[in-house]
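>>> My questions are about this predicted structure, shown below with the sequence.
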Amino acid sequence: MGFDLRRIQAALLFFSASALLAGMWAGLVRLGWGWPALRPGLPLGHGPLMVCGFFGTLILLERAVAVRRWWAYLGSICSGLGGLLLLLGVGGVLGPVLVTLGSLGMVLVFGYILLQHASLHTWTMSAGALCWLVGSLAWLNGASVPQVVFWWMAFLVLTIAGERLELSRILRLSGLTQILFLGAAGVLLTGCILLLVYPDPGIRLSGLGLLGLAAWLAVFDVARRTVRMTGLPRYIAICLLSGYFWLAVSGLAALVYGFQTAGPRYDLMLHAVFLGFVFSMVFGHAPIIFPAVLGLPINYRPHFYAPLALLHLSLALRLFSGMGGFSLGRLLGGLFSAIAILWFAGLMIASAVKPKT
């Protein structure tokens, strides 16, 4: 096609990293840190920047590398540019339009994947891509973030659950086990559909689906076996199993509290998933995925555990302080979570460029 894929990949990584940094800054300002907002309205873009600008762009990039088709990069380019426009606050609706086109690009990529290999795990990840598209379309048409955030949550949860289901095939899962997985994913999707009309029962049903997926992953994921190993396999397993705990916490909170638009309960439901579950998956999968995308090896070191421990401790401090009305603990918990993510990113970069000793 006459273009350098490495440069495109580097640019997309820059876009996603910029969205991550801006999203974290916006989140800390929203949390209550009295820092400059960089631009008016940036704190309101925290969710779209993190879910669409960062995760969406990064997942699309990883899929484009995997399918090895030039057109697969178009969705990642759209979401990356959309995230950049959201960061800068320019373009009016152009940023949301580009993000929505990016989510459409992911649906098309998974449509291509289904044509090549249709299975339960590819259908699950395809459903996740469709959830991103539905949420983005609703957001583009004026829905608030609390109205669409569970669709975006389902996007990430189903994408990750589908990947774990694929890796668990080596265990030769029984038909009943697969039906249980399908049932939990179906409950989550049904809840998301219901919340469009009846938000409170929809959120509660979605919470039941999250609980079901957390239980399934905790029992049937291959991580239960690899946690007994040493080195990188054990580290990855601990990341995964700790993430499943937070997924269950979010599901239980949604089931108990129902539809929320702000406050500590809303914070608990969202960030138990987005920070506790999703970033645990990032910490665990990064040593495998980053080499595939960057073409650089990641050398595992035991001190990878340090930012993982800080992530979980800081999240617990934030969420339990919020529920208990301890504002300083909530602020510090959010700050230390951001530090944990930046610390981990620095370790990944250092381990990729520095030879193992």
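Received it, and whenever you're ready, just let me know what you need.
>>> For the worst-scoring helix or strand of the chain on mean pLDDT, enumerate the helices and strands it packs against.
Counting by mean pLDDT, DSSP states H and E, the chain has its least confident helix or strand at helix 279-294, which shows a mean of 81. Judged by 3 or more Cβ pairs under 8 Å, 6 or more residues apart in numbering; DSSP states H and E, helix 279-294 is in contact with helix 5-31, helix 57-67, helix 231-257, helix 305-324, helix 327-353. From N, CA and C alone the C-beta is placed, and that goes for glycine too.
>>> if you set the cut-off to 10 Å instead, what comes out?
Other helices and strands packing on helix 279-294, by 3 or more Cβ pairs under 10 Å, 6 or more residues apart in numbering; DSSP states H and E, are helix 5-31, helix 57-67, helix 145-167, helix 231-257, helix 305-324, helix 327-353.
>>> neighbouring contacts of stretch 228-240?
Outside stretch 228-240, the residues that touch it by Cβ atoms under 10 Å, 6 or more residues apart in numbering are 160, 164, 167, 217-218, 221-227, 277, 279-288, 298-302, 304-305, 308-309, 311-312.
>>> Just the buried ones among the residues you listed, please.
Buried members of these, counted by 16 or more other Cβ atoms under 10 Å: 160, 164, 217-218, 221-224, 226-227, 277, 279-287, 298, 300-301, 304, 308, 311-312.
>>> Verify the contact between residue 157 and residue 213 for me.
Yes: in terms of Cβ atoms under 10 Å, residue 157 counts as a neighbour of residue 213; the distance is 6.5 Å.
>>> Quick check: neighbours shared by the two?
Between them, residue 157 and residue 213 share the contacting residues 124, 185, 188, 247, 251, 277, judged by Cβ under 10 Å, 6+ apart.
>>> residues contacting the fourth one?
By Cβ under 10 Å, 6+ apart, the contact list for residue 247 reads 157, 160-161, 210-211, 213-215, 217-218, 272-273, 276-278, 280-281.
>>> So it versus residue 207, what's the distance?
According to Cβ to Cβ, to the nearest Å, residue 247 and residue 207 sit 11 Å apart.
>>> Equivalent analysis for the fifth one, please.
Computed as Cβ to Cβ, the residue 251 to residue 207 distance reads 5 Å.
>>> Compare neighbour counts for those two and give me the winner.
residue 251 (28 against 25; other Cβ atoms under 10 Å).
>>> sorry, back to before: report the distance from the least confident helix or strand of the chain to the chain centre.
A distance of 12 Å separates the centroid of the chain from that of helix 279-294, by Cα atoms, centre = their mean, to the nearest Å.
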